[in-house]
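Trainee: Take a look and give me a structure for this.
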Amino acid sequence: MTDQQSPRRPRAFRLDDGDVAVREEPVVIEPQPDHYEAEATRAAPDADELAVEAAQRRGLIGRGLSWSGVFWSAMGALASLAIGVWIDGLIEGFFARSLALGWVGVALLALIAVSLLALLARELGGLFRQRGIARMHIAFANARAGDDRDAARKLVRELCALQAKRPASTHAREKLLHLTREIVDGRDLIDIAEREIAQPLDEEARREIAAAAKRVSLVTAISPRALIDVLFVVAQSIRLVRRIAEIYGGRPGWLGFIRLARSVGAHLAITGGMAVGDSIVQQALGHGIAARLSARLGEGVLNGMLTTRVGLSAMSVCRPLPFAVERPPGVRDVAPFLFGGDKKD
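Mentor: I've put the predicted structure just below:
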């Protein structure tokens, strides 16, 4: 083997040796990207999530005392006082006629009071439950943005407790509770919770929205009166919002539904200008194509799209977790049949 082919041997030398060439050029260190800053930027909430949280604060969570709240509270108290005075006079009239008739009136009044308290307790329970889901949604978004492990574990346990009465989620809940003791990254734990718990619920909610859109578009196309269309669309929208709330773990009564409807309306108002590509243009195209075939068919398509938009807003507001693993669905994703698409529900 020649010297040219032999490997280069290691050689020791002193730094002050004159034979060693000293580099005069300064060493330039290129700036490296900050990993944690990149992660924080990636986890920042987007416009859709900010719109959902704003809508939840307007309707479900509330913003403290307002003049409208004071007005309606005073009106309710005055009406209750008037009803109480009227009932007192009624019972006194019963006793004036007959002692037995008076005691029958007292017994019926007691029965009414007990049932009214039971109804009020159920209404308040549904209201606080729906408000708790909205607070959970915001807490999940904050925990994921900050990669908070302790908050993520606590919220995942609350989510599993919320879905405890759904037998279909038993395996997913057991798996998720086991993972809370093993996964140390809060963001990863929340993403797994979304895949295991929220995505099956999303599929069920999408089927409900698609079915409601089909019913509305069909009834509008064959309905002989515009008043029937309006009443049917309103009834289907109310039913759809309540059904989606139940899918995600809420059980809103009338008070809870009023709050929920305010949040859905606020979300529709906030996202009205953000969904130009997904909603307005597609609605115009869909209505134009359908209107060429039939005016009633075109109205059915528009009413179906309106119902779909209401369902999607209810889906975003009622969901206990923000959309992170997958993007929020659009009108075409849920109801492609309104555009003549080939996608299946």
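Trainee: Could you name the helices and strands sitting against the longest helix along the chain?
Mentor: In terms of residue count, the longest helix belonging to the chain (DSSP state H) is helix 99-146. Helices and strands touching helix 99-146, as assessed by 3 or more C-beta pairs under 8 Å, 6 or more residues apart in numbering; DSSP states H and E, comprise helix 35-43, helix 47-56, helix 67-97, helix 149-162, helix 186-193, helix 254-271, helix 295-318. Heads up, the C-betas are built off the backbone N, CA and C, glycines and all.
Trainee: what packs against the fifth one?
Mentor: I take that to be helix 186-193. Helix 186-193 packs on helix 99-146, helix 149-162, helix 170-179, going by 3+ C-beta pairs under 8 Å, 6+ apart.
Trainee: contacts for that helix?
Mentor: The contact list for helix 186-193, computed with C-beta atoms under 8 Å, 6 or more residues apart in numbering, reads 43, 140, 143-144, 146-153, 155-156, 159, 176, 179-180, 183, 321, 324-325.
Trainee: could you give the mean pLDDT of that helix?
Mentor: For helix 186-193, mean pLDDT rounds to 90.
Trainee: Would you mind saying which of the helices and strands packed on helix 186-193 lies nearest Met305?
Mentor: The closest of these to Met305 is helix 99-146. By C-beta to C-beta, the value is 25.6 Å.
Trainee: tell me the mean pLDDT for the closest one?
Mentor: Averaging pLDDT along helix 99-146 yields 91.
Trainee: contacting residues around the nearest residue to Met315 once chain neighbours are set aside?
Mentor: Ranked by C-beta to C-beta, 6 or more residues apart in numbering and with sequence neighbours excluded, the top spatial neighbour of Met315 is Ala205, at 5.0 Å. Contacts for Ala205 (C-beta under 8 Å, 6+ apart) come out as 244, 247-248, 311, 315.
Trainee: same thing but at 10 Å, please
Mentor: 198, 240, 243-248, 311-312, 314-315, 318-319, 329, 334 (C-beta atoms under 10 Å, 6 or more residues apart in numbering).
Trainee: Now the buried members of the residues you listed.
Mentor: Those of those that meet the buried threshold are 198, 240, 243-245, 247-248, 311-312, 314-315, 318-319, 329, 334, by 16 or more other C-beta atoms under 10 Å.
Trainee: wait, which of these is closest to Arg122?
Mentor: Distances from Arg122 to the buried ones among the contacts of Ala205, taken as C-beta to C-beta, are shortest for Ala245 (14.6 Å).
Trainee: Please look at the closest one and Leu260 and confirm they touch.
Mentor: Yes. Counting by C-beta atoms under 10 Å, Ala245 does reach Leu260; the two are 6.0 Å apart.
Trainee: what's the overlap in contacts for these two?
Mentor: 126, 130, 133, 252, 314, 317-318.
Trainee: Can you tell me which of the contacts of Ala205 lies closest to Leu101?
Mentor: Ranked by distance to Leu101 (C-beta to C-beta), those are led by Glu246 at 43.9 Å.
Trainee: Using the three-state scheme, assign the closest one.
Mentor: Assigned with DSSP: H, G, I helix; E, B strand; the rest coil, Glu246 falls in the helix class.
Trainee: Please name the residues that touch it.
Mentor: Glu246 sits next to 205, 208, 252, 318 when contact means C-beta under 10 Å, 6+ apart.
Trainee: Tell me how far it lies from Asp188.
Mentor: 29 Å (C-beta to C-beta, to the nearest Å).
Trainee: Quick check: the farthest pair among the buried ones among the contacts of Ala205?
Mentor: Ala198 and Leu240 (18.6 Å).
Trainee: So for the closest residue to Phe140 other than its chain neighbours, what's the pLDDT?
Mentor: Counting by C-beta to C-beta, 6+ apart, Leu321 is the residue found nearest to Phe140 once chain neighbours are left out, at 4.9 Å. pLDDT, Leu321: 92.
Trainee: same check, this time on Ala21
Mentor: 50.
Trainee: Using the three-state scheme, assign the closest residue to His137 other than its chain neighbours.
Mentor: The shortest distance from His137 to any non-neighbouring residue, by C-beta to C-beta, 6+ apart, is to Pro320 (5.6 Å). Assigned state for Pro320: coil (three-state reduction, three-state DSSP).
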